[in-house]
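[1] 3D model of this:
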Amino acid sequence: MHWIDRSEKVGRLILWLVLAAAVLLVPIEYIKQRRVEAALRETVRKEEVQREKAEKEKAERSERLPFDSFKPALRLLDNATGRLWFSNVSSRTGVVCVAGVATNPTTRMSTESLPACKVVTPYASNIELAVMFAGGDLRVICKDVTCDLAFKEVGDIK
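    Numbers count the residues shown, from 1 in each chain. Predicted coordinates for the structure are as follows:
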């Protein structure tokens, strides 16, 4: 009987030690897991904020749109101002920069205007760009004739 009592006491001791360890370790591991989850949530939130910030900066820093993609376009040369009208029939958005070129059809002399830029939104219609020519140059080049007006895309100024 003596060995049975001893083995029972040892069994109870082991059982109490296991229960005590479980009571102490489970909450500690639970707290660790919660901290890790909170850290992951914070990391995801920071990444989301950075992604939104990057998207916002990209939207504010509009990209260039090629002028050749906006055909047909209406053109008018009036005194020292050249006007251009076009529509954006796509979901693209960005900036269009052009310069006007007035050419005398008989002498082939030409003059170029100052560049003009405009932000183009998706599906925008009736977009108007006005470019300014030097009045003295136009008077000399377009004397007694109607000059042809063309527009060309202007690249980034460096």
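
[2] and Ile28, how many neighbours does it have?
    Neighbour count of Ile28, defined by other Cβ atoms under 10 Å: 9. All C-beta spots, glycine's among them, are computed from the backbone N, C-alpha and C.

[3] shouldn't it be within a helix?
    Yes. According to DSSP: H, G, I helix; E, B strand; the rest coil, Ile28 belongs to a helix.

[4] measure it to Arg83 for me?
    Per Cβ to Cβ, to the nearest Å, Ile28 is found 75 Å from Arg83.

[5] domain ranges for the chain?
    1-61, 67-153 (automatic domain parsing).

[6] and those domains as JSON lines, adding mean pLDDT?
    Putting these into JSON lines (pLDDT from 0 to 100) gives the following:
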{"stretch": "domain 1-61", "mean pLDDT": "85"}
{"stretch": "domain 67-153", "mean pLDDT": "83"}
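
[7] skipping adjacent residues, who's closest to Leu84 in space?
    Nearest residue to Leu84, sequence neighbours excluded (Cβ to Cβ, 6 or more residues apart in numbering): Leu129, at 4.5 Å.

[8] can you name the residues in contact with the longest strand along the chain?
    Counting residues, the longest strand found in the chain (DSSP state E) is strand 94-103. Applying Cβ atoms under 8 Å, 6 or more residues apart in numbering, the contact partners of strand 94-103 are 62-65, 67, 70, 77, 82, 84, 109-120, 127, 129, 131, 133, 138, 141-142, 147-155.

[9] of these, which belong to strands?
    77, 82, 84, 110-112, 116-120, 127, 129, 131, 148-153.

[10] what's the helix or strand for Ala124?
    Under the criterion of DSSP states H and E, Ala124 resides outside all helices and strands.

[11] hmm, it is touching Ser90, no?
    No. Taking contacts as Cβ atoms under 8 Å, Ala124 lies outside contact range of Ser90: 9.9 Å.

[12] apart from its chain neighbours, what residue comes closest to Tyr149?
    For the record, residue 149 is Leu, not Tyr. Leu77 is the one closest to Leu149 (Cβ to Cβ, 6+ apart), at 4.3 Å.

[13] what subset of the ones in strands among the contacts of strand 94-103 is buried?
    If you count burial by 16 or more other Cβ atoms under 10 Å, the buried members of these come out as 77, 82, 84, 111-112, 116, 118, 120, 127, 129, 131, 149, 151.
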